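1. coordinates for the following, if possible.
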Amino acid sequence: MPNWGGGKKCGVCQKTVYFAEEVQCEGNSFHKSCFLCMVCKKNLDSTTVAVHGEEIYCKSCYGKKYGPKGYGYGQGAGTLSTDKGESLGIKHEEAPGHRPTTNPNASKFAQKIGGSERCPRCTQAVYAAEKVIGAGKSWHKSCFRCAKCGKGLESTTLADKDGEIYCKGCYAKNFGPKGFGFGQGAGALVHSE
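-> Numbering: from 1, shown residues only. Next up, the predicted model:
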């Protein structure tokens, strides 16, 4: 079809796009009214558009259709969703089933207690989503606490002794230097007989 006197063709409706109504994206021109998500039909702009080939999507629909799949992806704030986008016309492809390895020389990591490490505090398996490393061991986030006072710890606020972890205050009280001038705070000397 010859282009007799118009401008560029719209990437969606293929009709002529005139300057006053033109939106450009990735070298293509669109009518403002055609610049919509291919799935949910929301209006798009330069901050909300995601392009896949010749198709345009809002970032949410693009993520559902082409983004990573699995635990922890897609909804933010730590929420999980079972919505796979079928209501938006997105077809979900099933992943092939799990096949165990036939390699007789499995790695040392895989040989540890059924493929996962054990928390030294509760002795339960520690998986990647809940793992905190401290004192050279893997802990559950909920178990990563001072052995004396129960205060939550971070890798920068812990001290370890004999395989157990402590906050710096409890470590100093229990294992630090003893005698005049130690352990009373603010440099005060206390003499008790």
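2. pLDDT at Val51, what is it?
-> pLDDT for Val51: 87.
3. count of residues packed around it?
-> 13 (other Cβ atoms under 10 Å). In short, each C-beta sits where N, CA and C put it, glycine included.
4. which residues sit in contact with it?
-> The contact partners of Val51, taken as Cβ atoms under 8 Å, 6 or more residues apart in numbering, are Cys25, Glu26, Tyr57.
5. in what helix or strand does the last one lie?
-> Element membership of Tyr57 [criterion: DSSP states H and E] is strand 55-58.
6. return the alpha-carbon coordinates of that strand using PDB.
-> The C-alpha trace of strand 55-58 is given here as PDB (Å, rounded to 0.1, in the frame of the first residue of the first chain):
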ATOM      1  CA  GLU A  55       5.400  -5.700  20.900                       C
ATOM      2  CA  ILE A  56       4.900  -3.200  23.700                       C
ATOM      3  CA  TYR A  57       3.900  -4.000  27.300                       C
ATOM      4  CA  CYS A  58       3.700  -2.300  30.700                       C
END
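7. and the following helix or strand past it, what does it pack onto?
-> Sequence-wise, the next helix or strand downstream of strand 55-58 (DSSP H and E) is helix 59-66. With contacts defined as 3 or more Cβ pairs under 8 Å, 6 or more residues apart in numbering; DSSP states H and E, helix 59-66 has these neighbours: strand 49-52.
8. show me which residues of the strand it packs on are buried.
-> Neighbour-count burial for strand 49-52 flags Val49, Ala50 (criterion: 16 or more other Cβ atoms under 10 Å).
9. so what are the sheet partners of that strand and their directions?
-> Strand pairing for strand 49-52, determined by DSSP bridges: strand 55-58 (antiparallel).
10. now the partner strand: mean pLDDT?
-> 88.
11. count the neighbours of Pro177 for me.
-> 8.
12. SS state for it?
-> Under the three-state scheme (DSSP: H, G, I helix; E, B strand; the rest coil), Pro177 adopts coil.
13. right, and the helix or strand after the helix or strand of the chain at the bottom of the mean pLDDT ranking?
-> Least confident element among the helices and strands of the chain, by mean pLDDT, DSSP states H and E: helix 108-111 (a mean of 45). Once helix 108-111 ends, the next helix or strand along the chain (criterion: DSSP H and E) is strand 117-118.
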